[in-house]
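Chemist: Below: sequence and its predicted model.
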Amino acid sequence: MTEPTFRRYDAAAARRIRDQVALIYRDAYADHIAEGDPFNEEAEAMRRFDLYAAKSGFDLVVAHIDGEPVGQTWGWPLDERAGAAWWRGLQSEPEPGFTQEDGRRTFALSEIMVRRPWTGRGLARALHDELLSARPEPRATLLVHPENERAYRAYLKWGWAKAAELRPGMPHAPLFDVLIRYRDQ
């Protein structure tokens, strides 16, 4: 396999490549879309992307192989406002102050996706590492569906640990596990 190249996009640039983001989503989530769950419909996923890409500090990394977009990952730092929204639906706070955000404490890793022909080649990990390597925040968080065993195992292997459970305040959102990873891991 040709080594991937990575391109980083801020919020404005990410919105300009929205069609490319949708293409990667459609391919990476084709099986989930086919299941008919409204949360996974492309229109709903892109509605969420539009909301995320409007956040201050939004950061998108796209992997390309031979010029073709093959995967992507994105997130943003949690400030007081974004943190309040991110942590809404938390089932219980693991420790006092866990949800306090100031824009410099926590990076919310929202999505990692790889198009089906390129899965199983280490691209998800490479995207993960590329995105987080440039982040100054001392910790990162993500939400993972507990039944997504493949992703869950990968996150644990990459240094993430379960901290809590959360049901986002979005239509049709399932209950997720909240994972945390500190920069030194």
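Modeler: Arrived safely. Numbers count the residues shown, from 1 in each chain.
Chemist: C-alpha only now, for contacts and for neighbours.
Modeler: Will do.
Chemist: and the end-to-end length of stretch 117-130?
Modeler: Start and end residues of stretch 117-130 are separated by 21 Å (CA to CA, to the nearest Å).
Chemist: neighbouring contacts of it?
Modeler: By CA atoms under 8 Å, 6 or more residues apart in numbering, the list of residues contacting stretch 117-130 from outside reads 4, 6, 61-63, 70-73, 112-114, 158.
Chemist: how deep is residue 59 tucked in, by neighbour count?
Modeler: 25 (other CA atoms under 10 Å).
Chemist: Residue 175 too?
Modeler: Neighbour count for residue 175, taken as other CA under 10 Å: 17.
Chemist: residue ranges of the strands in this protein, please?
Modeler: Using DSSP state E, the strands of the chain run over 5-9, 59-65, 68-77, 106-114, 139-144, 161-166, 176-182.
Chemist: Nearest to residue 95 among the ones you listed would be which one?
Modeler: Residue 95 sits nearest to strand 161-166 of all the strands of the chain, at 9.3 Å, using CA to CA.
Chemist: got the angle between that closest one and strand 139-144?
Modeler: 60 degrees (axes from the mean of the first three to the mean of the last three CA atoms, to 10 degrees).
Chemist: picking that back up, save the strands of the chain as CSV, and put in mean pLDDT too.
Modeler: Output for the strands of the chain, formatted as CSV (pLDDT from 0 to 100):
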stretch, mean pLDDT
strand 5-9, 97
strand 59-65, 98
strand 68-77, 97
strand 106-114, 96
strand 139-144, 96
strand 161-166, 96
strand 176-182, 96
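Chemist: of all the contacts of stretch 117-130, which two lie farthest apart?
Modeler: Most distant of the contacts of stretch 117-130, by CA to CA, are 70 and 158, 20.9 Å apart.
Chemist: who's more crowded, the two?
Modeler: residue 70 (24 against 14).
Chemist: Just the buried residues of the contacts of stretch 117-130.
Modeler: Applying 16 or more other CA atoms under 10 Å to the contacts of stretch 117-130, the neighbour count classes 4, 6, 61-63, 70-73, 112-114 as buried.
Chemist: Many thanks, we can stop here.
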